[in-house]
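> The following comprises the amino acid sequence and a computationally predicted model.
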Amino acid sequence: MLKLSDAFLEGRRLETMVENQTSYILKNAAMHVFETHEQADKVILKFDQPVLASMIEGKKVMHLRDYESFDFLPGESLVLPANETMCIDFPEAKSKNPTRCLAMAISEEKIRNVLQFMNESMTKDDEKEWSLMDYNFHFVNDQGIFQILQRLLFLFSENHPSKDFFVDNMLRELIIRMLQTNERKIYTSSQIAINSDNRLSYVIRYIRENLHEPLNVEDLSKKAYMSPSHFHRVFKNELGISPIEFINNERIKLATGLLQDPGLNIKDVYMQCGFESRSYFNRVFKHRQQLSPGEYQSKIKTIRY
């Protein structure tokens, strides 16, 4: 997980128990660290520039316009457009277990400049041009993005005369990596934009809230009031993947966050994610992350320490 330095925690001013904000403003970006120390609901937040939000500690429940609500957990990030309204719940925040999140607003000019650089220097295999990423893009940080975010937390809070230059260089790499991650995203925007009125929305919510439990198509189809074959067909038509693929993707998203917790071993992780055996967990994880769970955990430890 991302870690705030002792110097930051000792130096910042805690003025409110809900979304206390510590901000650092530079030429092409602003970093805000938000801390919530008590349970709260329907907290509204909006930025006038595109923003990368990344969880540090605790849990938020995010409600975005026209999107099914979802848990936002450590190890995950979310890219939002300018002026997107976020409605946020903090169901578990406490004074001894606060919820902390960074939100980095990045100038649109900086993003355009990086896109121009990529199109001039980094041709895609399909020869298409790089373009702006899909907004409302929710993803699990890979090792590269995790390392950059940890470095940016240090650089923004450092008192150094050249920090604008240092941050600017790191921002370029961050934007490139986000765009590349966006190209490999698990879900398309249509797959996560399941409105609460959609007949599958309850099933999607049930899956996400019960990943630790056994899940199968027959039981899920009953919750959608469909036959198993009809449910499978409708689910795949609307989301582009089968119910089992969706379940495994959600479990791997959860696992990548849990593996960043040094207090958990691999058995703890695969059991919390609902996998019946370590061998199946290893196989699914490696297929999606190109690393085994053990290799992923070792890389995170190397980056952190």
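Great, that's in hand.
> Just give me the neighbour total for Asn169.
Counted with other Cβ atoms under 10 Å, residues neighbouring Asn169 total 10. For glycine as for every other residue, the C-beta is placed from the backbone atoms N, C-alpha and C.
> Give me the contacts around the helix or strand harbouring it.
Assigned by DSSP states H and E, Asn169 belongs to helix 163-183. Contact with helix 163-183 is made by 26-29, 52, 79, 106, 110-111, 114-115, 117-118, 122, 130, 133-134, 137, 139, 142, 144-145, 148-149, 151-152, 155-156, 160, as judged by Cβ atoms under 8 Å, 6 or more residues apart in numbering.
> you'd agree Met104 is in a helix?
No: checked against DSSP: H, G, I helix; E, B strand; the rest coil, Met104 lies outside a helix; its state is strand.
> just checking, it touches Ala30?
Yes: if you go by Cβ atoms under 8 Å, Met104 and Ala30 touch, sitting 7.2 Å apart.
> These two - which one has more neighbours?
Met104 (25 against 18).
> residue contacts, Leu115?
Neighbour list for Leu115: 130-132, 179 [criterion: Cβ under 8 Å, 6+ apart].
> let's go with 10 Å and repeat that
Each residue near Leu115 by Cβ atoms under 10 Å, 6 or more residues apart in numbering is listed here: 129-133, 175-176, 179.
> Between those residues, identify the one with the most neighbours.
Of the contacts of Leu115, with other Cβ under 10 Å as the count, Ile175 tops at 22 neighbours.
> Quick check: it vs His160, distance?
22 Å (Cβ to Cβ, to the nearest Å).
> Find residues that contact each of Met104 and Ala30.
24, 47, 49, 51, 156.
> and the last one, what helix or strand is that in?
Following DSSP H and E, one finds Phe156 within helix 143-157.
> From the shared contacts of Met104 and Ala30, pick the one nearest His37.
Minimum distance to His37 across the shared contacts of Met104 and Ala30 is 20.9 Å, recorded for Tyr24 (Cβ to Cβ).
> is that closest one in a bridge, and if so with what?
Under DSSP bridges, the beta-bridge partners of Tyr24 are Met31.
> Now do His37 against Phe246, distance only.
The span separating His37 from Phe246 equals 35 Å under the rule Cβ to Cβ.
> Could you pull out the strands in this structure for me?
20-25, 29-36, 40-45, 51-57, 60-64, 70-72, 76-80, 86-90, 99-106, 137-140 (DSSP state E).
> Let me have those strands in TSV, extended by mean pLDDT and distance to Ser242.
Below are the strands of the chain laid out as TSV (pLDDT from 0 to 100; distance: least, Cβ to Cβ, whole Å):
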stretch	mean pLDDT	distance to Ser242
strand 20-25	95	42
strand 29-36	96	37
strand 40-45	95	34
strand 51-57	94	28
strand 60-64	91	25
strand 70-72	85	20
strand 76-80	90	23
strand 86-90	96	30
strand 99-106	96	33
strand 137-140	79	20
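> so how far is stretch 4-15 off the chain centroid?
Remark: stretch 4-15 is offset 24 Å from the chain centroid, using Cα atoms, centre = their mean, to the nearest Å.
> again with stretch 142-150
Worked out by Cα atoms, centre = their mean, stretch 142-150 lies 12 Å from the chain centre.
> buried residues in that stretch?
Going by neighbour count (16 or more other Cβ atoms under 10 Å), the buried part of stretch 142-150 is 142, 145-150.
> Residue ranges of each domain in this protein, please.
Residue ranges for the domains of the chain, per the TED database: 6-187, 199-304.
> Could you list the low-pLDDT ranges of the stretch 51-200 of the chain?
For the stretch 51-200 of the chain, the stretches flagged by pLDDT under 70 are 66, 124-127, 133-134, 183-199.
> please redo it, this time with the cut-off set to 80
For the stretch 51-200 of the chain, residues meeting the criterion pLDDT under 80 lie at 65-68, 123-129, 131-137, 139-140, 142-143, 181-200.
> Please spell out which residue in this structure sits farthest from the middle.
Most distant from the centre of the chain: Ser227, at 33.4 Å, with distances by Cα atoms, centre = their mean.
> Now do the contacts for it.
Neighbour list for Ser227: 218, 221, 233 [criterion: Cβ under 10 Å, 6+ apart].
> Just to check, the first one is in contact with Ala224?
No: under the contact definition of Cβ atoms under 10 Å, Glu218 does not touch Ala224, with a separation of 11.2 Å.
> still on that earlier bit, pull out the buried members of the shared contacts of Met104 and Ala30.
Buried among those (16+ other Cβ under 10 Å): 24, 47, 49, 51, 156.
> how much space between the third one and Lys110?
According to Cβ to Cβ, Gln49 and Lys110 sit 9 Å apart.
> which neighbours do the two share?
Joint contacts of Gln49 and Lys110 (Cβ under 10 Å, 6+ apart) are 28-29.
> Tell me the confidence at the residue farthest from the centre of the chain?
pLDDT, Ser227: 91.
> Cool, thanks, signing off.
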